Every structure is written in C-alpha cells, then in structure tokens.
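In: sequence and predicted structure are below.
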Amino acid sequence: MNFDSPTLLADLERATASELDDAAFGVVRMDRDGVVLNFSRRESQLSGLSPQGVIGKNFFIEVAPCTNNFMVAERYAESGDLDERLDYVFTYRMKPRPVRLRMLKRADGGNQYLVVIER
C-alpha cells in the first residue's frame, strides 16, 4: 500500500488487520459513525495510543478530539465520496505532531479511513 496511490481506498477496504499493521503509515479504520474498528501498529507507534485503548471508541470525540472540527470530522460527515489530503498538527495527549492526513470514504457506505504520515 502506498499513501499516494489512487487505489488506496480499495486497497484499505480489502486489507486485513494484519495488512493494516504492516503498512508504512498509520491507518485508522472507522465505521460511518467514527467508531474505531482498527488502529494500526504504525498509528499506535506514532500516537503513543494502544489499539486496545481506542478500538470501540469514537475517534473524533474520545480518541483524538483535536480532529473534531470542520477540517477533519465534518469532512467525513459530508455526503459524497471523500479522498482528501491535509497537512495537520495532532495536539491531543502528545506534543504537537505535524502530519499529513489522507481522509477516505465512499458515498455508498462501508468504512471510512484516516491515513497518517509524519511530515
């Protein structure tokens, strides 16, 4: 899997939890309500949060409330497909961490994904 791949969403949708763990970037797989289903090994390393501590929680409210804003959470709430890149700074429970986000979802359902690389 490649962060910039035009097929990244399809790759993530097919990926097992183990394959998400093997990705060179952080991956958060969420349901349509923002509840964390998978939290990859790399994202755990980057954030300092354990998968066991975040799976089953709402990402935007309980895990990373610094993303509960118009730039991130509200983009997922909009109708339509989403494939957007955004330079961002995570600030919750850690020193500020500059990252590049890729936000992905299909309009017709399924899971949604937040992919993270360090800048």
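Out: In hand now; what should we look at?
In: return the helix or strand in the protein with minimum mean pLDDT.
Out: helix 41-47 (a mean of 92; mean pLDDT, DSSP states H and E).
In: now do the helices in the protein.
Out: Per DSSP state H, the chain carries helices over the ranges 8-14, 17-22, 41-47, 51-54, 73-77.
In: about what we covered before: which strands and helices lie in contact with the least confident helix or strand of the chain?
Out: If you count contacts as 3 or more C-beta pairs under 8 Å, 6 or more residues apart in numbering; DSSP states H and E, helix 41-47 packs onto helix 17-22, strand 26-30, strand 97-105, strand 112-118. For every residue, glycine as well, the C-beta is placed using N, CA and C.
In: now it: buried residues?
Out: Across helix 41-47, burial judged by 16 or more other C-beta atoms under 10 Å covers 41, 42, 43, 44, 46, 47.
In: so which of the helices of the chain is the most surrounded?
Out: When you average the neighbours per residue for each of these (mean count of other C-beta atoms under 10 Å), helix 41-47 leads with a mean of 18.
In: most tightly surrounded among the helices and strands packed on helix 41-47?
Out: strand 26-30 (a mean of 23).
In: can you redo the helices of the chain as JSON lines with distance to residue 114?
Out: Below are those laid out as JSON lines (distance: least, C-beta to C-beta, whole Å):
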{"stretch": "helix 8-14", "distance to residue 114": "10"}
{"stretch": "helix 17-22", "distance to residue 114": "12"}
{"stretch": "helix 41-47", "distance to residue 114": "9"}
{"stretch": "helix 51-54", "distance to residue 114": "12"}
{"stretch": "helix 73-77", "distance to residue 114": "8"}
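In: for those, which one sits closest to residue 2?
Out: Of all these, it is helix 8-14 that lies closest to residue 2, at 6.9 Å by C-beta to C-beta.
In: need the contact partners of that closest one.
Out: 1-2, 5, 20, 27, 29, 83, 102, 104-106, 110-111, 113, 115 (C-beta atoms under 8 Å, 6 or more residues apart in numbering).
In: show me the contacts for residue 2.
Out: So residue 2 contacts residue 8 (C-beta under 8 Å, 6+ apart).
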